[in-house]
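**Student:** model this:
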Amino acid sequence: MRELPSKESGLFKHILKCYEYKQYKKGLKAAEQILRKFPEHGDTLAMKGLFLNHMDRKEEAYEFVKKGLSYDLKYSHICWHVYGLLHRSDKNYTQALKCYTQALKIDKANMQILGDYSLLVIQMRNYEAFNDSINQLLQQKPTNQKYWLGLAISYHLLGNYETAENVLKAHQDTLKEKPGPMDFEHSEMLLYHNLIIEESGNIFAALQHLDDIKHGVCDRISWKEKRAQFLLKLDRYEEAEATYLELIDCNPDCNHYFEGFLKSRKINPEGLNEEEQKLLMTKFKEFGEKYPRSNFIKRYPLQFTTGDNFRKVLDEYLQPMLRKGVFSLFVNIKNLYKDPEKEKLIESLLEGYLQSLKTNSTFTFNKTDSEVKEPPTAYLWTLNFLAQHYDHKGNTTRALELINEAIVHTPTMVELYMTKGRILKHGGDVAEAMKVMNEARELDFQDRFINTKCTKYMLRNGQLTEAEKIVGLFTRGDAPDPITDLVDMQCMWFALEEGECHMRHRRFGKALKRFYQIEKHFADITEDQFDFHSYCLRKVTLRAYLSMLRLEDQLRSHPYYFRAAQNAIKIYLNLYDNPSSITNGEEKEDYANMTEGEIKKAKSKAKKAAVKAQQEDAKKEEQAKRKIVDKPPDEDPDGEKFVKTLDPLVDALKFLRPLQELASKKIETHLMSFDIYLRKKKYLLALRSLLRAQQIEKNNPILHKNMIMFKITVDQDSKIHKIVAQVITKQCASILPEGVPLRDFNTAFMNRNIGFIPHLLLGAETLTLIDLKYKQEAEDMLLDIIDNQAYLATRTLPNCIDVYKSLVTTFQSPKAEMFRTKCKEWFPISPFFHSE
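**Tutor:** Numbering: from 1, shown residues only. Predicted coordinates for the structure are as follows:
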């Protein structure tokens, strides 16, 4: 590093202070002042580049830093450090790590570089490097608590629990002053120490340690929860029961406490006989008397009771809730519908309530003179509950009758319109559902929730412009437009719904743009960890920090990311299969899979949409001229760069890889990977996907079709390498039995799954894959749905739509219209079957 004269040396120190205090313009001027006299001073050139980087002048920044490095390549740790900071700001962690490593070779003891290096390696989950760097920092500053705790965490993450314990003990020995009784930081350190012992597997030692630190812990609830768990694991049931009773006393609405209490009593709530049910009901009755405000205590007996006991508990639970008008009542007990007997009892009881309230305004027919009449709202909420009940059963007609009666009874109740909108949506009439949801919104303009629901329904009905206008009612007023504010706020539900709306209308570029936006949100959340690595150690929130690291490691298994990735992969597969569907970035309608009536309707709709889009663009241009706030220009509003990809399968893999790592327990991940690898002719990887999918859900209908498709494809490909063919032959035996004809294998699959329409549909389509001569036989199988009552339970709207589409496209059946006519009877409000 070249030495500067004393005046310029002082100015350079001022530059470093300017960077520390984020005074970038001031620092830039000072750097330019030095460079006028010493234009080849590498450190100043690097600092100038760093200032420019923070002023969003990245190209110039890299130019100056590289120039600085060229003058001081071997001797300037500052140049290498700054170069690493630039790479880190661009999320190029690998290159940043190389730069930091080079800087440390020049100045091994530099605390600033070591600190940045340690943050980067923990961000990259390089625990060994983190352990090494934090150890060096501790040796230089042995009195700094942050480094002691960082070292303990590094050993913990490496699985070296004993050393992590020893580090914490050594740190406590170095404390000059003993912590007070209510020292939060010390309390967190003690509980973290206990967590290390627990995760080492020594539960007995963890319990002993927990008892020892009792008086030093501030978080008494966490202490009791851990103690109860340890006692339960050590089979010390009486002590565990006493501890869980203390916890229930603190929070009688926590289901985990009651589950622990039942385990401490050795009670399995599933499969109890009538005598055991009565004993447990008595215990929960005692709980109810002690904690009369607890809703959980009133509801939980519904889980383990059956028959008359269930009816009695249900009656006691429902009446007060209907009297109060609890809108979430149906959601609270919806999990009981898994049991058909309980479903029947719920229906029987509620129908009885309805008739009794209608005739004599009480919940029971056995009216006495002393019995007080129920308020009119009790009848209203009973109607609402029954409407949701029949909607859940798929009886849309009865559900609509009940909810319409409720609306006539009280036409100003927002919740009733929400229920009706949901019923219409489940019945397939999204357009009418959207109108009803908008009516609900107009009853209460201050309700953000109903505003959000209305926006979602509009997007599902394809009314994008109206949806943006409605959602904009609750965005920031100073934002350039609602979408910009929603992106800044990382509002993922809107991006997902909007992307799926574009996807349904085959605007693939715009759809991909939204799905990439969601991917960026998750990348930003990952990047935001940097702010917490040093903060959590400084504030001693160690358990929360460890939870955050583990959460971030599983971040892309979140349902939002999974859904966005799944949709993006579907689009890329479509682009690969139909490259001609994209012309100059504009998507064409896929008329191949439509009937003549649908084609005519689609063309008419597209023409109207084009005229409407032109009018909207003209309006937006006028509004943009009047806007005071400047909106940053969107260089690719239609997402053409995402559609004009050289290799759609490579882009699909970018979305797939995080799912393979973090969502490997979902069968959809492996089915998507099969679709990609089969198209890439990576047969071994495709086979691996099938094997993994089989371990998750052996009876999946899509998996069944894919297995046979794989066998047919491999047999037809004469260019497969001999060794690959041998491996496939050997491994295929575990998914397709040797010597069994594909037709027999398919028949056996369909016989095992009689009554399931998805299995029937995929089995019929697979039969045509095996040989086209079976086409008529497969078609007759599908039409068997009409009269065969075995398929009644799975005869849902989505399943019937899939069957109809298959009859029209795959089978080109003249009987498709007959099936459609039957579907009109089954789904009377669905426009799909009623539109011409």
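**Student:** Helices along the stretch 1-150 of the chain, start to end?
**Tutor:** Secondary structure of the stretch 1-150 of the chain (DSSP state H, counting those that start in this stretch): helices at 6-20, 24-37, 42-54, 58-71, 77-89, 93-106, 111-123, 127-140, 145-157.
**Student:** Give me the contact list for the first one.
**Tutor:** Put plainly, it is helix 6-20. Helix 6-20 is touched from outside by 3-4, 24, 26-27, 30-31, 33-34, 37-38, 43-44, 47, 50-51, with contacts defined as C-beta atoms under 8 Å, 6 or more residues apart in numbering. Any C-beta I mention is one placed from the backbone N, CA and C, and that applies to glycine too.
**Student:** if we take the residues you listed, which one ends up nearest to N699?
**Tutor:** L50 (59.0 Å; C-beta to C-beta).
**Student:** so where do the strands sit in the chain?
**Tutor:** Assigned by DSSP state E, the strands in the chain fall at 582-583, 586-587.
**Student:** Could you tell me the least trusted of those?
**Tutor:** Comparing mean pLDDT across these, the lowest value falls on strand 586-587: a mean of 47.
**Student:** Find the nearest non-adjacent residue to L537, please.
**Tutor:** Nearest residue to L537, sequence neighbours excluded (C-beta to C-beta, 6 or more residues apart in numbering): K146, at 4.5 Å.
**Student:** And E415, by the same measure?
**Tutor:** The shortest distance from E415 to any non-neighbouring residue, by C-beta to C-beta, 6+ apart, is to F327 (4.9 Å).
**Student:** Which helix or strand in the protein has the lowest average pLDDT?
**Tutor:** strand 586-587 (a mean of 47; mean pLDDT, DSSP states H and E).
**Student:** quick revisit: what about burial for the contacts of helix 6-20, which qualify?
**Tutor:** Neighbour counting over the contacts of helix 6-20 (16 or more other C-beta atoms under 10 Å) leaves 4, 24, 26-27, 30-31, 34, 38, 43-44, 47, 50-51 as the buried ones.
**Student:** that older thread, would CSV of the helices of the stretch 1-150 of the chain with distance to P181 and mean pLDDT be doable?
**Tutor:** Below are those laid out as CSV (distance: least, C-beta to C-beta, whole Å; pLDDT from 0 to 100):
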stretch, distance to P181, mean pLDDT
helix 6-20, 38, 93
helix 24-37, 47, 94
helix 42-54, 46, 95
helix 58-71, 52, 94
helix 77-89, 43, 95
helix 93-106, 43, 96
helix 111-123, 33, 96
helix 127-140, 29, 96
helix 145-157, 19, 96
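**Student:** quick one on the thing from earlier: which member of the contacts of helix 6-20 is positioned nearest R556?
**Tutor:** For these, the residue nearest R556 by C-beta to C-beta is L50; the value is 31.5 Å.
**Student:** Would you mind listing where the protein has pLDDT under the threshold?
**Tutor:** Low-confidence segments of the chain, defined by pLDDT under 70, are located at 1-2, 365-371, 581-632, 835-836.
**Student:** residue nearest the centroid of it?
**Tutor:** Nearest residue to the geometric centre of the chain (C-alpha atoms, centre = their mean): P559, 2.2 Å.
**Student:** which ones are touching it?
**Tutor:** P559 neighbours (C-beta under 8 Å, 6+ apart): none.
**Student:** coming back round to it: burial of the residue nearest to E415, as a residue count?
**Tutor:** Neighbourhood size, F327 [other C-beta atoms under 10 Å]: 18.
**Student:** tell me the contacts of it?
**Tutor:** Contacts for F327 were tallied using C-beta under 8 Å, 6+ apart; they are 381, 384, 415.
**Student:** And the buried ones among the residues you listed, selectable in ChimeraX?
**Tutor:** Buried members of the contacts of F327, defined by 16+ other C-beta under 10 Å, are picked up in ChimeraX with:
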select :381,384,415
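**Student:** got JSON lines for the contacts of F327, with distance to Q731 too?
**Tutor:** Output for the contacts of F327, formatted as JSON lines (distance: C-beta to C-beta, whole Å):
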{"residue": "W381", "distance to Q731": "58"}
{"residue": "N384", "distance to Q731": "55"}
{"residue": "E415", "distance to Q731": "55"}
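**Student:** Need the helices of the stretch 1-150 of the chain in CSV (columns: distance to L350).
**Tutor:** CSV is the format used below for the helices of the stretch 1-150 of the chain (distance: least, C-beta to C-beta, whole Å):
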stretch, distance to L350
helix 6-20, 68
helix 24-37, 67
helix 42-54, 64
helix 58-71, 65
helix 77-89, 61
helix 93-106, 58
helix 111-123, 55
helix 127-140, 57
helix 145-157, 53
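**Student:** List just the nearest of the contacts of helix 6-20 to P737.
**Tutor:** For the contacts of helix 6-20, the nearest to P737 is L50 (65.3 Å; C-beta to C-beta).
**Student:** ok, the residue nearest to that closest one when sequence neighbours are not counted to L69 distance?
**Tutor:** Nearest residue to L50, sequence neighbours excluded (C-beta to C-beta, 6+ apart): V82, at 4.9 Å. Computed as C-beta to C-beta, to the nearest Å, the V82 to L69 distance reads 9 Å.
**Student:** So which of the two has more stuff around it?
**Tutor:** Per other C-beta under 10 Å, whichever of V82 and L69 has more neighbours is V82, with 28 against 21.
**Student:** mind listing what's buried in stretch 503-512?
**Tutor:** By neighbour count on 16+ other C-beta under 10 Å, the buried set for stretch 503-512 is 503, 505-512.
**Student:** List the ones among the residues you listed that fall in helices.
**Tutor:** Mapping the buried residues of stretch 503-512 onto helices (DSSP state H) picks out 503, 508-512.
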